[in-house]
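Asks: model this:
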Amino acid sequence: MGLRITTLIFGFTFLYSALVWNIFNIQIGHGEYYSAKASSIFNSSGVLSPTRGNIYFTDKNGGSISMAINRESPVIFADTRHVDDVPEAVEKIAGIVDISKEELSKLLSRKNDAYVPLVRKATASQVEYLKNEPVFGINVGYEPLRYYPFDKAAAHLLGYVSIDRSSSDGVYGVELGHNKSLKGISGNVSADGFRPPQNGKDLYLTIDRNIQSQAEEIMKRLIDNFHAEGGTVMVNNPKTGQLLAMASFPTFDPNDYGKYSIADFLNPAAQAVYEPGSVFKVITMAAGIDAGKITPDTTFYDTGFFVLNGRTVKNWDLKAHGTMTMTNVIEKSLNTGAAYAEKMTGHKTFYDYLVKFGFKDITGADLPGEVRGSLGNLEKNARDINFATASFGQGISVTPLQLLQAMSAIANHGVMMKPYVDGSLEPEEIRRVITDETSQKVVDMMVSAVDKAEIAKVNGYTVAGKTGTAQVPDLKVGGYTHDVINTYVGFAPAHDPAFVILIKLNKPPGAPLAGLTVVPAFQELAQFILNYYNIPPDNIKGQH
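Replies: So this is what the prediction gives:
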């Protein structure tokens, strides 16, 4: 009896010890293997993958419009546990996947990997091929991938999400700039247990879908009508810095980004510089008036040209206009008058105001990869001619976003706001650039220019604006080409603006003046926005 009990005790002890050893061996000795196996299974089922946050535009009533969402899409993947003949599998599927045979062989040779994605966003023909020609271990499943319901709309602003085999990260635009919060945090399986994923946060942008759509339609028509190389249109609220529309052409389809070159993905509004031309005369006048060196009524005698450092500069119309006020200079867009204003202001003071207006810095907008323009021609022993040409926007460079921010400061009674697109942000004042009094004087000069030219006028409203037709520099041989870039910046109602519009047209053949291209486009877009917001007329006398 005693022997039997002793045998049972030893037997149970042995079995228990074996069980404990096996558990130890699984958890410690082979823990990483089983964790990896579990992770592979979870990954193949999508359990560990967080759902990427959606991106929304808004409208004037606070409604949300989906611009980037997740949609189930077919994916071709390998379960290497069931790929018995790697060379045969490679030969059968090499024709339907965009992977070299050498790399494909490496992928299919992974041991015990339940999920090796080979083709994301698989086409109907690829899926049909595998149905008709099944390959052991090669399967078709479905996974949530990024989808842009409006195709090319605001593509530069939105960017896209990579679907390569190693990541699902945002690339360019707000998809990149807000990637961390949009992407979320993946789950994890380890020896310590299972940690569920944290889904990404939705992003609500300040962009108004209706204004954006109208802006894109007008810009596309403008480019087509004048056969221009491209263009940019932006709309913002000068009081808050909120961007209401941002579009550039040519554009791309983020649903099919693989068909486009890298250059197509850069956002020209914030990632490209140009010489702005005569629109910059407004900045020159603001600097001189605020510094107390000139007034809107200051006069000079226009001979039609001037000579500095051996260079002759003429007015765009090649005419001499005699005695002119600074307001006349803006109305007639006289190069000679802008140079006179800069000379009266003084080089150092003029330069300091350009810095205050933000032309030496990025705007700080929540957009990735923003670049800055250059005031290099005005630095390090710059000549008088450099300051003279800078006064009318040649020889210096800006981004469209920098120019919009500076002009918005004038519209906003001299206070500069930081531009932004994330609707969860609060308006941020950067600094006061000019006094309210200076702002109102400059706005009056811009209103006078609109009233005299009439092209940009909107019935019943006071409109402030300024054109710019700038020659494009020749970066290879120096000097300037015969190409031009047309710009118009304007706002309404002039003394209490609800919006500022910037329209830029690149290299229309024949070098037409801005008054023939971007100004009518501005007038159409401004009329739409005033009607859209139901803004009451502020200029009853000006109604026809």
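
Asks: isn't there a helix covering Phe77?
Replies: No. Counting by DSSP: H, G, I helix; E, B strand; the rest coil, Phe77 is not part of a helix but strand.

Asks: Now do it against Glu133, distance only.
Replies: To Glu133, Phe77 is 16 Å away according to C-beta to C-beta, to the nearest Å. For the C-beta atoms, the positions are set from N, CA and C on the backbone; glycine is no exception.

Asks: Looking at those two, which is more packed in?
Replies: Higher neighbour count among Phe77 and Glu133: Phe77, with 23 against 11, using other C-beta atoms under 10 Å.

Asks: Across the sheet, point out what pairs with that one.
Replies: Beta-bridge partners recorded for Phe77 (DSSP bridges): Pro117, Asn139.

Asks: Help me confirm that it comes into contact with Val135.
Replies: No. Counting by C-beta atoms under 8 Å, Phe77 sits too far from Val135 to count as a contact (11.8 Å).

Asks: Next, count neighbours for the residue nearest to Gly184 when sequence neighbours are not counted.
Replies: Leaving out its chain neighbours, the residue that sits closest to Gly184 by C-beta to C-beta, 6 or more residues apart in numbering is Pro50, at 3.1 Å. Pro50 is flanked by 18 other residues according to other C-beta under 10 Å.

Asks: what residue ranges in the chain are flagged as low confidence?
Replies: Residues of the chain meeting the criterion pLDDT under 70: 1-47, 164-167, 189-194, 542-544.

Asks: how does it divide into domains?
Replies: 2-45, 55-201, 212-542 (automatic domain parsing).

Asks: okay, those domains, which one's buried deepest?
Replies: Of the domains of the chain, the one with the most neighbours on average (mean count of other C-beta atoms under 10 Å) is domain 212-542, at a mean of 20.

Asks: The closest residue to Ala411 other than its chain neighbours and Phe528, how far apart?
Replies: Leaving out its chain neighbours, the residue that sits closest to Ala411 by C-beta to C-beta, 6+ apart is Pro238, at 4.3 Å. Distance check for Pro238 against Phe528: by C-beta to C-beta, it reads 18 Å.

Asks: for Lys121, same thing?
Replies: 36 Å.

Asks: do Leu107 as well
Replies: According to C-beta to C-beta, Leu107 stands 52 Å off from Phe528.

Asks: center of the protein, which residue is that?
Replies: Residue closest to the average C-alpha location in the chain (C-alpha atoms, centre = their mean): Leu157, at 3.5 Å.

Asks: Does that residue touch Ile207 like I think?
Replies: Yes. Leu157 sits in contact with Ile207 when judged by C-beta under 8 Å, with a separation of 6.9 Å.

Asks: Return stretch 199-211 as PDB; C-alpha atoms alone will do.
Replies: The C-alpha coordinates for stretch 199-211 follow below in PDB (Å, rounded to 0.1, in the frame of the first residue of the first chain):
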ATOM      1  CA  ASN A 199      -7.800  54.000 -33.700                       C
ATOM      2  CA  GLY A 200      -6.700  57.300 -35.300                       C
ATOM      3  CA  LYS A 201      -8.500  60.500 -34.700                       C
ATOM      4  CA  ASP A 202     -10.700  62.200 -37.300                       C
ATOM      5  CA  LEU A 203      -9.400  65.500 -38.700                       C
ATOM      6  CA  TYR A 204     -11.900  68.300 -39.400                       C
ATOM      7  CA  LEU A 205     -10.400  71.000 -41.700                       C
ATOM      8  CA  THR A 206     -11.300  74.600 -42.100                       C
ATOM      9  CA  ILE A 207     -11.600  74.200 -45.800                       C
ATOM     10  CA  ASP A 208     -15.200  74.900 -47.000                       C
ATOM     11  CA  ARG A 209     -16.100  72.300 -49.600                       C
ATOM     12  CA  ASN A 210     -18.400  74.700 -51.500                       C
ATOM     13  CA  ILE A 211     -15.800  77.500 -51.800                       C
END
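
Asks: residues in contact with that stretch?
Replies: Residues from elsewhere that reach stretch 199-211 (C-beta atoms under 8 Å, 6 or more residues apart in numbering): 50-60, 64-65, 67, 154, 157, 174, 178, 181-184, 235, 242-246, 420-424, 528-529, 532.

Asks: at 6 Å what do you get?
Replies: Residues outside stretch 199-211 that contact it (C-beta atoms under 6 Å, 6 or more residues apart in numbering) are 50-57, 59, 65, 178, 181-184, 235, 242-245, 421, 423.
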